[in-house]
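# Predicted model follows, preceded by the sequence.
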Amino acid sequence: MLSIGIIPARFASTRLPGKPLVDIGGKSMIQRVVEQVQQANLHRVVVATDDQRIFDHVHGFGGEAVLTHPDHPSGTDRVWEAYQQLGIEADCVVNIQGDEPFIHPAQINALLALFHEPVTQIATLVKPVLSDEELLSPHLPKVVLRADGKALYFSRHPIPYLRQYPVAEWRQHHRYLRHIGMYAYRPAVLQQLTRLSPAPLELAESLEQLRWLSHGFDIHTTETELETIGIDTPKDVERALAHLAS
C-alpha cells in the first residue's frame, strides 16, 4: 500500500505568526514535525506551504515541500492541491498537523492500518478524556462512536449529556472520547471532500469533519493513548521546551 504524508504549514497565525519556523530547542517546529513523521510507515513525506520562507527552509534541512495557493479555506484543500502536484497514485493520503513537533509515528501507523480494509474512506484518531478540564474545553472536540467504531458525531460540547448526573460526576458514569485532529483519506474521497458545500452542523460547531458526516461519508476511528503537544501560542512553545528538557 503506497501512502503519502502531507503536512500543511501556513506562515500566517493570529496568535503565533511564522509558527512553522519557531525554534523548538535548536530546530524549527516544522523540521521536528517532518523528522517525526519520517519515522512512520509512509513512502513519502511532503510539506504543503503557502510561503516561500517555509518552502526554502524545508528544502534547507533536506525535506520535501511544495508551494500551494495562499487562499485555501482549509488544510484539507491544501493537502489535495499538494497531492495533485506530486503527480503520483497513492492508496492513502495522511493529513498531518504541522504544529505538533512531538507527534508519534505509531499514531500515523495506526491510521494506515485501517486502510488495509477496502471499505475505509476516511480515518482519524480518538483518545480517552482524562480530566474534567479536557471534557469541558471547547478547544478539544469530543466524539461519540457508532457500534461499529465509526464516528457518529463530533462536538465542542461534552457528549453525551448525562442529564441524570451532575457534571462533576459525568466521567464516573461514561467513558468520554476526544478527537485527535489527524486524518487519512483515499485520494478519490479526498477530492470529493474538497467539492462539498459547508453544512449547517459544521458552521454551528466550526468543525470541518461534520461537513463530511453531513454529506454521508463514513469516518473510521482508531483509539490512541498517546498524547501530543500542539503549538498555538507562545505559552505552548514554553511547554514544548519543558517537554524537551524533561
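Cool, the structure landed.
# And the least confident helix or strand in the chain by mean pLDDT, what's buried?
In the chain, no helix or strand scores lower on mean pLDDT, DSSP states H and E than helix 234-245, which sits at a mean of 80. Residues of helix 234-245 classed as buried: Asp236, Val237, Ala240 (neighbour count, 16 or more other CB atoms under 10 Å). The way it works is simple: take the backbone N, C-alpha and C, and place the C-beta from them, glycine included.
# what does stretch 92-106 give?
92-104.
# just curious, which of these is nearest to Pro141?
Gln97 (13.5 Å; CB to CB).
# doesn't the closest one fall inside a strand?
No. Applying DSSP: H, G, I helix; E, B strand; the rest coil, one finds Gln97 to be coil, outside a strand.
# now the helices for the protein?
29-37, 52-60, 75-86, 105-114, 132-136, 170-173, 187-193, 200-205, 209-214, 234-245 (DSSP state H).
# Distance to Thr228 added to those helices, as TSV?
Shown next, in TSV, are those (distance: least, CB to CB, whole Å):
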stretch	distance to Thr228
helix 29-37	9
helix 52-60	20
helix 75-86	16
helix 105-114	8
helix 132-136	14
helix 170-173	21
helix 187-193	23
helix 200-205	22
helix 209-214	18
helix 234-245	10
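# residues in contact with Glu64?
Residues near Glu64 by CB atoms under 8 Å, 6 or more residues apart in numbering: Arg44, Val45, Val46, Val47, Val58.
# picking up where we left off before, now flag whichever of the buried residues of helix 234-245 is closest to Phe11.
Val237 (16.2 Å).
# quick one: the closest one from Leu177, how far?
In this view, Val237 and Leu177 are 28 Å apart by CB to CB, to the nearest Å.
# For the residue nearest to Tyr83 when sequence neighbours are not counted, list each beta-bridge partner.
Leaving out its chain neighbours, the residue that sits closest to Tyr83 by CB to CB, 6 or more residues apart in numbering is Val93, at 5.5 Å. For Val93, the beta-bridge partners under DSSP bridges are Ile4, Tyr185.
# hmm, back to that, whichever of the contacts of Glu64 end up buried, select them in PyMOL.
Per 16+ other CB under 10 Å, the buried members of the contacts of Glu64 correspond to this PyMOL selection:
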select buried, resi 45+46+47+58
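# Adding pLDDT and distance to Asn109, write the contacts of Glu64 out as JSON lines.
Listed next are the contacts of Glu64 as JSON lines, based on pLDDT from 0 to 100; distance: CB to CB, whole Å:
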{"residue": "Arg44", "pLDDT": "97", "distance to Asn109": "15"}
{"residue": "Val45", "pLDDT": "98", "distance to Asn109": "13"}
{"residue": "Val46", "pLDDT": "98", "distance to Asn109": "18"}
{"residue": "Val47", "pLDDT": "98", "distance to Asn109": "20"}
{"residue": "Val58", "pLDDT": "97", "distance to Asn109": "23"}
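# between the contacts of Glu64, which is closest to His173?
Nearest member of the contacts of Glu64 to His173, counting by CB to CB, is Val45, at 42.2 Å.
# Quick check: nearest residue in space to that closest one, chain neighbours excluded?
Using CB to CB, 6+ apart, the nearest residue to Val45 is Gly5, at 4.5 Å.
# Does Thr49 touch Thr68 like I think?
Yes. Applying CB atoms under 8 Å as the test, Thr49 and Thr68 come out as touching, 6.7 Å apart.
# so where's this protein shaky on pLDDT?
14 (pLDDT under 70).
# can you do 90?
10-19, 71-75, 98-100, 139, 181, 227-246 (pLDDT under 90).
# Give me the residue at the spatial middle of it.
Met182 (2.5 Å; CA atoms, centre = their mean).
# Domain map for the protein?
1-103, 118-180+187-226 (automatic domain parsing).
# hang on, the earlier thing: so the residue nearest to Val45 is in contact with Ala48, correct?
No. If you go by CB under 8 Å, Gly5 and Ala48 don't touch, sitting 10.5 Å apart.
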